[in-house]
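In: Compute the structure for the input listed below.
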Amino acid sequence: MIELSGNRLRFSFPEVHRNASCSIGFMRTLRIPDDNREYPLPPGFSRFPVKHVDDYARRVPASWRRHGGVFLPMYQSEAMWLSFSAAYPMAVKVAAGKVSALTGEPWHDNLSKKPNQDYMVIPEQPWLDGFYAGNGLIRQFLAMPLGDGYTAEEQLAGKGRHGGLQIVVYPIKAAAYEDRRPPEKIMMGTVPGAMGLAPGGLMRQQIHEDPFGISAWEQSVGSRCFVHILNSLQYVEVTNEKPPTTPPTAKDYTAAGLPWFDYYDAERKALTRPNKLSGLVSVAAEMALEGEGPLRDNEPVSPANVVKLSKKGPVVREGDF
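Out: As a prediction, the model looks like this:
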């Protein structure tokens, strides 16, 4: 079952275990410079507003009604990261335009570890900021219009049919959860205006290997959700509401002395093998190739205030006030 609460998606599987639930949030963030330098983690500002497709069925395209799910607004070249929260272990697959965000392979519902692991394990994986490019690096998720060739879907599949995000979640089997749970703890076609996700700047981020093994996941059940992305003007047309204001630039944010973040977990093994996503062309590089001029607000910055995050401490990046 999937519920929308507080602009977060909540996945629950009471048929597997009473504690089997997790939530996923879609966070607005600073767009890091797209200059092939490696940057630390940018801050999270607030969650994107998320709406039920069914509540606006008369105003959205027919293909969206077939997909169901939810939608949210993004400005062109605005950045996003996904926030994961769970006490019960979950396997989460994320795709953009039906292209895996971890491997670049075409979307399929099942979990796979060969040739590359195509899912994340939460709560071990607290967030995902972009397309995994191998060797502890990702390229930030940036919203770009379908049809212009920038999105990962268009670069790898040759056309932009789907856009948006696709998510599927599987709970760990109840027996595997009970075996590992500490006994002292008890836990309870291109649509006009539609957007896809394109690769942006480079960022240091680990994707952890599955510590449980693929047989531990209850793949006989699962919930999946299609997250559609509208540009700001179409969001107003559909909802009669204004989208959030644009976030500050990396230059302005850094000049103000505000913090960036660094998270490294030496106790967990990270994926290192390169994949199809390693060869994606970033938005700034593609604009240069097409002769469209430089990407706006893309000046390099040198973050001086970098906060080290500990896996044992509170998650600082939530950003809601």
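In: residues contacting the nearest residue to residue 45 once chain neighbours are set aside?
Out: Once flanking residues are discounted, residue 45 sits nearest to residue 28: 4.5 Å by C-beta to C-beta, 6 or more residues apart in numbering. C-beta: built from backbone N, CA, C; applies to glycine. Applying C-beta atoms under 8 Å, 6 or more residues apart in numbering, we find residue 28 in contact with 44-48, 78-80, 244, 247, 319.
In: Is it correct that residue 150 is in contact with residue 285?
Out: No. Residue 150 is not in contact with residue 285 according to C-beta atoms under 8 Å; the separation is 10.0 Å.
In: So which of the two has more stuff around it?
Out: The neighbour comparison of residue 150 against residue 285 (other C-beta atoms under 10 Å) goes to residue 150, with 28 against 15.
In: Kindly indicate whether the more buried one is helix, strand or coil.
Out: Three-state call for residue 150 (DSSP: H, G, I helix; E, B strand; the rest coil): coil.
In: contacting residues around stretch 93-102?
Out: Here stretch 93-102 has contacts from 82, 105-107, 109, 111, 116-120, 128, 130-132, 141, 146, 151-154, 156-157, 160-169, 196-197, 207, 271, 275, 277, using C-beta under 8 Å, 6+ apart.
In: Show me where the stretch 151-300 of the chain has its helices.
Out: 152-157, 174-180, 232-239, 250-255, 283-289 (DSSP state H, counting those that start in this stretch).
In: tell me what the first one is packed against?
Out: Of the remaining helices and strands, those touching helix 152-157 by 3 or more C-beta pairs under 8 Å, 6 or more residues apart in numbering; DSSP states H and E are strand 99-100, strand 195-204.
In: Need the distance between the two termini of stretch 68-79.
Out: Its first and final residues considered, stretch 68-79 spans 24 Å by C-alpha to C-alpha, to the nearest Å.
In: ditto for stretch 28-37
Out: 22 Å.
In: can you tell me which residues contact residue 91?
Out: Residue 91 sits in contact with 111, 119-121, 169-172, 210, 217, where contact means C-beta under 8 Å, 6+ apart.
In: burial count for the nearest residue to residue 302 once chain neighbours are set aside?
Out: Closest residue in space to residue 302, ignoring its immediate chain neighbours: residue 254 at 7.3 Å, by C-beta to C-beta, 6+ apart. A count of neighbours around residue 254, defined by other C-beta under 10 Å, yields 22.
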